[in-house]
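>>> The following comprises the amino acid sequence and a computationally predicted model.
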Amino acid sequence: MRLNQQKRTPHMRSIASLLAVLFVGSLLWMGCAGSSQTASNAPSTFPEDYRRVVRPSVPVVDASGTPIQNPFYGGFNTPRPQFVDIDGDGDDDLFVQEKSDQLAFFEHVTEGDSSRLVWRSDDYRDLSIGEWFRFADLDRDGVPDLLAEQPYSHLRTYRNTGTATDPSFELYADTMRTPDGEAIFSDRQNIPNVTDLDCDGRLDLFLGRLDGTISRYEATDSTGMPTFAHVTDDFEGIEIVNQQIGVRHGANTLTFADVDDDGDSDLFWGDFFEPGLLLIENTGACGNPVLSGEPEPFPPSNPLKTSGYNAPALTDWTGNGQLDLFVGVLGGADDANASLADNFYFYEHRTDGYHLRSRQFVGGLDVGSESSVAMGDLNGNGAPDLLVANKIDPKQGATSRIYRLVRTDSTYERRGSLDLSSAYHYAPALGDLTGDGAADLVLGTWKGRIAVHRSSGDGTFSVLDDAMIQRDRRHATPVLGDLTGDGTLDLVVGAADGSVFLYRNTGSAQEPSFGQPSQILPASDARSRSAPTLHDVNRDGTLDLLIGAEEGLFVLENTGTPANPSFESSPTPVSIEGIPRLATPATGDLDGDGRVDLVSGSERGGIVLFQSQP
């Protein structure tokens with residue numbers, strides 16, 4: 001098998017380097033994507049001036065043309081949401097926990113008659129929250145305080161010592177205790193809640209248990225940061241039981257809301273073994289709650305059904321006076337892989353009931369988990385497009401899929417998946433390997449096989465060689481670039497053990513040939529799951545390596561020449577804030593501003609974008 005690229009046709013992942021380094025202002029992508037860049041318009045030193053961008057200047061739309069509001073957020077796998085007006089502007093902002101000990105913040109921004117969520121931080125105020133969080137006005141002073149997990153399976157509290165418009169959180173208690181000094185225990189996989197259920201002016205704390213029962217604690221006074229006294233471990237006799245398999249439930253979430261507008265709080269329960277969301281209606285009154293009825297699937301007219309472990313949150317998002325329903329799907333007993341992409345549900349509450357509006361409320365390009373990204377011109381219009389692969393497709397189940405993000409005249413449009421054979425964990429790369437000016441597709445897989453698919457020029461591909469290289473190392477992650485300066489594309493491949501290898505192309509532009517590999521980096525636990533791309537980081541005319549890994553992103557400098565590469569023995573970590581775990585980098589000019597952008601796949605299955613600041 002032979003593969004090729006002319007010197008003017010760099011691989012999508014190495015375009016940025018050739019453009020910035022060779023000072024060839026007229027270079028254009030031939031069959032790959034990219035843009036020219038001259039010394040006068042070169043970006044500042046990588047990566048100091050690069051910043052994360054969630055919503056780029058070029059709009060991103062889905063296949064129906066509907067804008068995706070936060071396309072490069074990076075995806076969710078286990079979103080745990082709560083709405084709270086944290087900035088005192090009269091509308092509820094969104095907090096989402098995706099990772100242990102980190103809290104993402106999206107501000108609710110109103111613009112005329114419309115509103116949107118604007119990402120502000122993935123680690124709000126550096127608050128340590130363990131495995132769960134709940135905002136609540138614990139000291140009843142009109143501003144939200146914070147309740148969170150104290151590892152392992154205890155409760156900590158933060159007091160908000162700021163104002164409604166300028167919150168400031170200080171640790172109040174690292175472990176909440178009862179009046180007689182006993183530490184309050186709550187299984188860390190369960191999300192509790194705080195509310196004044198009986199309307200006596202004192203907050204109640206509710207803890208779901210793994211056996212399907214609920215413990216209740218009540219504040220001993222109505223002012224100041226509360227101390228909660230134990231009331232019962234058998235609240236209202238509730239015992240959630242799975243009707244199909246006849247066992248009690250496990251990991252769970254609790255939320256209270258007056259969903260039927262009768263003046264008292266009803267109880268929502270999400271559970272690991274429950275594919276839906278359960279509602280226990282409060283049939284009593286504000287001062288005399290009664291929650292003794294049977295749990296009912298919710299919404300009643302169109303019950304939610306997911307893989308399970310559903311975390312509800314309610315707020316009047318649409319401003320019609322009705323509580324809308326939002327559900328983060330953490331993934332339970334019913335095929336958790338199926339909810340790795342469409343896992344943030346939004347039900348609008350109208351006069352005739354609840355209507356499903358979205359399964360990805362925050363937006364984002366999300367293909368599941370452990371996404372891998374490649375960049376190149378798929379449709380021959382001279383602009384860079386993206387391919388995004390997942391580990392296992394949430395919809396297809398047994399195989400990885402590769403989706404297209406195609407640049408049109410004014411937008412990026414998400415399109416369907418490529419027609420490829422089944423495989424586990426595809427890793428795509430693009431480059432002209434057949435000398436026809438179109439970007440061909442190189443595919444690595446978890447089993448180490450690397451295949452080549454020829455471009456048809458319209459964003460589709462046909463198999464050219466389904467086993468060009470068979471490696472003995474897991475998770476072959478390829479990238480193409482002309483490392484030897486002879487006008488043909490060489491192949492660099494990363495592996496699960498952190499090693500990186502170079503396959504020199506000794507063939508021709510129309511029929512490349514790859515021989516035995518030479519090792520660039522040995523295996524290392526410090527950079528497992530290596531995913532290389534090529535970029536002239538220091539602008540010295542040679543292609544350096546950017547290496548994504550489970551632990552982040554690294555730079556390996558090329559100290560050789562354009563025709564004879566020689567790499568340093570040890571890579572340097574990249575310090576850009578927001579680099580995801582399991583990064584899979586690619587470089588190119590997405591928005592046509594003449595500056596090189598950095599995109600990456602992520603552990604959460606989305607795309608993360610970094611752009612240099614002008």
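Nice, thanks for sending it over. Keep in mind that what you see is a predicted model, and the values were worked out from it rather than measured.

>>> what's the burial count for the residue nearest to residue 237 when sequence neighbours are not counted?
Once flanking residues are discounted, residue 237 sits nearest to residue 292: 6.4 Å by CB to CB, 6 or more residues apart in numbering. Placement of C-beta: from N, CA and C, glycine included. Using other CB atoms under 10 Å, residue 292 is surrounded by 13 other residues.

>>> I'd assumed residue 283 was in contact with residue 292.
Yes. The criterion here is CB atoms under 8 Å, and residue 292 meets it with residue 283 at 7.5 Å.

>>> before we move on, what SS does residue 592 have?
coil (DSSP: H, G, I helix; E, B strand; the rest coil).

>>> That one and residue 566, how far apart?
34 Å (CB to CB, to the nearest Å).

>>> Just to check, residue 200 is in contact with residue 287?
Yes. Judged on CB under 8 Å, residue 200 makes contact with residue 287 at a distance of 7.3 Å.

>>> More neighbours: which of the two?
residue 200 (13 against 10).

>>> Would you enumerate the residues in contact with that one?
residue 287 (CB atoms under 8 Å, 6 or more residues apart in numbering).

>>> mind listing what residue 393 touches?
Residue 393 neighbours (CB under 8 Å, 6+ apart): 367-368, 399-401, 417.

>>> which of those residues sit farthest apart?
367 and 399 (12.6 Å; CB to CB).

>>> who's more crowded, those two?
Shown here are residue 367 and residue 399; by other CB under 10 Å, residue 367 has more neighbours (27 against 16).

>>> ok, and the closest non-adjacent residue to the more buried one?
Nearest to residue 367 is residue 390, by CB to CB, 6+ apart, at 4.2 Å.

>>> okay, now that neighbour: neighbour count?
28.

>>> so how far is residue 371 from it?
6 Å.

>>> Now list whatever residues contact both of the two.
Joint contacts of residue 390 and residue 371 (CB under 8 Å, 6+ apart) are residue 605.

>>> Now the phi/psi pair for residue 125, please.
phi 50, psi 20 (degrees, to the nearest 10).

>>> Check the burial of it by counting its neighbours.
13.

>>> ok, it - contacts?
167, 169.

>>> Now do it, the pLDDT please.
As predicted, residue 125 sits at a pLDDT of 97.

>>> just residue 101 next, same as before
At residue 101, pLDDT is 96.

>>> That one contacts residue 126, doesn't it?
No. At 9.7 Å, residue 101 does not count as touching residue 126 under the criterion of CB under 8 Å.

>>> Between the two, which is the more surrounded one?
residue 101 (16 against 10).

>>> Please name the nearest non-neighbouring residue to that one.
residue 128 (5.5 Å).

>>> Let me see the ranges of the helices in this structure.
15-21 (DSSP state H).

>>> so what's the residue nearest to residue 367 up against?
340-341, 367-372, 400-401, 426, 605.

>>> Looking at these, which are in strands?
residue 372 (DSSP state E).

>>> Can you list the buried residues in stretch 341-350?
341-349 (16 or more other CB atoms under 10 Å).

>>> Out of these, which is nearest to residue 116?
Taking those together and measuring to residue 116 by CB to CB, the closest member is residue 346, at 13.2 Å.
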